[in-house]
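Peer 1: Predicted model and sequence follow; I will ask about them next.
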Amino acid sequence: MLAVLLARAGRPVPVAEIIDGVWGEEGDEAPNRARGLPATMYRLRNTLADEDGATEGGSVLRHVGKAYRLDADPANIDRTVFLAELAAANAARRNRQPERAHALLTAALGRWSAPVALDGVPGPYAEHDRRMLAGRREEARQARLELDVELGLGLTLLAEPGAEPGTVVPHALALARAGHRERALALLAGSAPRGEAAALAARLRGRAPDLASWTPWASRTAPRPVRRPFQLPPDLADFTGRTALLTELAAALAAPGPRRVTVTGPPGYGKSALAVHAAHRLAPGYPDGQLHADLNGKVPLADPAAVLAAFVRALGVEEPAVPPGLADLRALYLRLLAGRRVLVLLDGAVGAEQVRPLLPAEPGSAALVTAGRPLPGGHTVTVGRMTPDEGIELLSRTLGAGRLAREPDAARALAAACDHHPGALRLAANRLARRPAWPISALLPHPGE
């Protein structure tokens with residue numbers, strides 16, 4: 001039962017799914033497992049409790065509706081981190097980053113402390129997970145061996161006759177480069193060589209004995225650039241003023257500590273415009289890319305898992321390798337950002353729970369969030385009314401300096417009538433821009449109104 005809950009740490013697991021994973025399909029004569037489940041969960045809570053009798057373990061395992069949730073950090077679960085490292089290694093190989101992929105695969109394989117995962121754990125779920133993890137482990141071994149060959153490193157795994165067909169060529173090549181040509185030829189002969197295996201066998205027999213420049217065909221494709229997403233929305237061409245706020249925001253992101261700024265303020269005061277403009281100005285300091293998500297700013301909330309899935313795809317993970325759950329997505333997301341400098345722009349956040357999974361943890365990366373109210377953590381920049389000079393500058397950029405020069409008093413009166421509210425000023429300016437024959441005073445209230 002603990003294995004089922006840990007695999008989905010941080011997410012509610014329905015009772016029916018727990019029962020099927022632990023006991024599987026049984027006949028009508030089986031005991032009422034759903035009725036006995038609470039007692040089993042109670043024993044599990046006690047097992048997780050501290051040795052001194054504290055109830056901290058009970059708070060970790062929660063009953064949520066018709067489901068149970070284990071509140072464990074996915075970063076502390078080898079299964080979750082292992083799968084995330086494999087996905088990150090696959091992305092690194094696709095992006096032609098062999099050293100990074102090799103380091104990730106080495107870390108992933110180093111998490112195994114036993115030859116078999118969940119050894120001795122009964123139940124259909126454990127059996128399925130054992131087979132899945134064994135397959136992924138072998139996949140990681142093969143991939144690391146291929147990278148050993150590509151990078152010219154020492155042999156990680158010794159090749160023996162009877163190896164899987166997909167591993168024969170890299171095994172044989174690694175053996176040959178290590179000086180064991182006869183063993184390499186025997187391995188190729190046992191695999192009924194054809195295609196690439198036959199080409200390597202021909203080289204080993206002396207027709208073209210130089211192996212220094214020989215690489216498997218899978219490695220002979222054109223280099224693929226590292227995926228750097230640039231998702232920022234277009235900047236406003238007539239963005240005006242806010243110099244002090246932009247300076248404050250840039251200083252907060254450059255300061256030690258969490259690189260996160262929340263831009264807040266009443267609706268229509270230009271939170272999003274300020275954040276987008278700031279992101280464009282700061283983009284050169286984040287050369288590995290900029291990610292953007294519109295979180296709606298209202299109910300229903302944007303699903304953090306869907307946003308993370310879009311982020312990891314933008315960072316180079318192909319659709320089949322995108323994990324389904326929030327915890328696995330978060331672990332993969334952090335792995336992909338490791339060693340990178342990426343700016344994440346989250347527009348229209350409603351609460352901290354929505355934002356927290358999307359925040360980068362890498363010291364070189366940063367997050368810029370807009371929200372209707374301050375969020376805990378990081379620095380907060382509050383957007384208010386424009387100054388009178390900023391209001392006049394906004395009107396001038398939209399209507400032209402000549403039009404304002406003809407009616408300077410009317411322009412100041414219009415800015416004051418809009419209470420120097422950026423949204424109201426922009427609406428008024430756009431209305432006048434569509435009617436070039438109108439005087440600015442046409443939008444001013446008449447005396448007594």
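Peer 2: Cool, got the structure.
Peer 1: which residues in the stretch 101-250 of the chain form helices?
Peer 2: If DSSP state H, counting those that start in this stretch is used as the criterion, the helices of the stretch 101-250 of the chain fall at 124-151, 165-177, 181-189, 196-204, 243-254.
Peer 1: Could you report the pLDDT at the closest residue to L336 other than its chain neighbours?
Peer 2: Nearest non-adjacent residue to L336, counting by CB to CB, 6 or more residues apart in numbering: L315, 4.5 Å away. (Glycine included, C-beta is placed from N, CA and C.) For L315, the pLDDT comes out at 87.
Peer 1: Equivalent analysis for G120, please.
Peer 2: Taking G120 on its own, its pLDDT is 82.
Peer 1: Can you give me the distance of it to M41?
Peer 2: To M41, G120 is 21 Å away according to CB to CB, to the nearest Å.
Peer 1: Of the two, which one has the most company?
Peer 2: Ranked by neighbour count (other CB atoms under 10 Å), G120 and M41 place M41 first, with 18 against 6.
Peer 1: Name the helix or strand for the more buried one, please.
Peer 2: helix 33-48 (DSSP states H and E).
Peer 1: just how off-centre is that helix within its chain?
Peer 2: Computed by CA atoms, centre = their mean, to the nearest Å, the chain-centroid distance of helix 33-48 equals 35 Å.
Peer 1: how about that helix: buried residues?
Peer 2: Neighbour counts using 16 or more other CB atoms under 10 Å place R33, L37, M41, L44, R45, L48 of helix 33-48 among the buried residues.
Peer 1: Pretty sure V15 is one of the things the second one touches, is it not?
Peer 2: In this case it means L37. Yes: if you go by CB atoms under 8 Å, L37 and V15 touch, sitting 6.2 Å apart.
Peer 1: In terms of secondary structure, what does whichever strand or helix holds N430 contact?
Peer 2: Per DSSP H and E: N430 is located in helix 422-433. Counting contacts by 3 or more CB pairs under 8 Å, 6 or more residues apart in numbering; DSSP states H and E, helix 422-433 is packed against helix 388-399, helix 408-417.
Peer 1: Would you format those helices as JSON lines with distance to A134, mean neighbour count and mean pLDDT included?
Peer 2: Converted to JSON lines, these look like this (distance: least, CB to CB, whole Å; neighbours: other CB atoms under 10 Å; pLDDT from 0 to 100):
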{"stretch": "helix 388-399", "distance to A134": "64", "mean neighbour count": "19", "mean pLDDT": "80"}
{"stretch": "helix 408-417", "distance to A134": "70", "mean neighbour count": "17", "mean pLDDT": "85"}
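Peer 1: picking up where we left off before, now for the buried residues of helix 33-48: which two are most distant?
Peer 2: Between any two of the buried residues of helix 33-48, the greatest separation by CB to CB is 20.9 Å, found for R33 and L48.
Peer 1: hmm, back to that, closest one to E99 out of the buried residues of helix 33-48, please.
Peer 2: Nearest to E99 among those: L48, at 39.8 Å, using CB to CB.
Peer 1: any idea how far the closest residue to P376 other than its chain neighbours is from R259?
Peer 2: Leaving aside its chain neighbours, P376 sits nearest to A352 (5.5 Å; criterion: CB to CB, 6+ apart). Relative to R259, A352 is positioned 17 Å away (CB to CB).
Peer 1: Would you mind telling me which of those two has the busier surroundings?
Peer 2: Higher neighbour count among A352 and R259: R259, with 23 against 14, using other CB under 10 Å.
Peer 1: For the helix holding M41, output the C-alpha coordinates as PDB.
Peer 2: Only the C-alpha atoms of helix 33-48 are listed here, as PDB (Å, rounded to 0.1, in the frame of the first residue of the first chain):
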ATOM      1  CA  ARG A  33     -11.500  -4.700   1.400                       C
ATOM      2  CA  ALA A  34     -13.000  -1.200   1.100                       C
ATOM      3  CA  ARG A  35     -14.500  -1.600   4.600                       C
ATOM      4  CA  GLY A  36     -11.200  -2.800   6.000                       C
ATOM      5  CA  LEU A  37      -9.100  -0.200   4.300                       C
ATOM      6  CA  PRO A  38      -9.400   2.600   7.000                       C
ATOM      7  CA  ALA A  39      -8.000   0.200   9.600                       C
ATOM      8  CA  THR A  40      -5.000  -0.600   7.400                       C
ATOM      9  CA  MET A  41      -4.400   3.100   6.800                       C
ATOM     10  CA  TYR A  42      -4.500   3.700  10.500                       C
ATOM     11  CA  ARG A  43      -1.800   1.100  11.000                       C
ATOM     12  CA  LEU A  44       0.200   2.700   8.200                       C
ATOM     13  CA  ARG A  45      -0.100   6.100   9.900                       C
ATOM     14  CA  ASN A  46       1.200   4.600  13.100                       C
ATOM     15  CA  THR A  47       4.100   3.100  11.300                       C
ATOM     16  CA  LEU A  48       5.000   6.400   9.700                       C
END
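Peer 1: now do the same end-to-end measure for stretch 397-411.
Peer 2: Across stretch 397-411, the terminal residues are separated by 12 Å (CA to CA, to the nearest Å).
Peer 1: contacting residues around that stretch?
Peer 2: 238, 240, 392, 395-396, 426, 429-430, 432-433, 439-441, 444 (CB atoms under 8 Å, 6 or more residues apart in numbering).
Peer 1: which one of those is nearest T382?
Peer 2: T240 (18.1 Å).
Peer 1: Excluding chain neighbours, what is closest to the closest one?
Peer 2: L394 (4.3 Å).
Peer 1: OK, contacts around that neighbour?
Peer 2: D238, T240, G241, M386, P422, L425, R426, A429.
Peer 1: Among those residues, name the buried ones.
Peer 2: If we count by 16+ other CB under 10 Å, these have these buried: T240, G241, M386, P422, L425, R426, A429.
Peer 1: Just name the shakiest helix or strand of the protein by mean pLDDT.
Peer 2: helix 56-60 (a mean of 56; mean pLDDT, DSSP states H and E).
Peer 1: Strand partners (parallel or antiparallel) of the helix or strand just after that helix?
Peer 2: Moving toward the C-terminus from helix 56-60, the next helix or strand (DSSP H and E) is strand 61-64. Sheet pairing here is set by DSSP bridges, and for strand 61-64 it gives strand 67-70 (antiparallel).
Peer 1: Does whichever helix or strand comes after the partner strand pack against any helices or strands, and if so which?
Peer 2: Next along the chain after strand 67-70, taking DSSP H and E as the criterion, comes helix 78-94. On a contact count with 3+ CB pairs under 8 Å, 6+ apart, helix 78-94 meets helix 2-7, helix 98-109, helix 124-151, helix 326-337.
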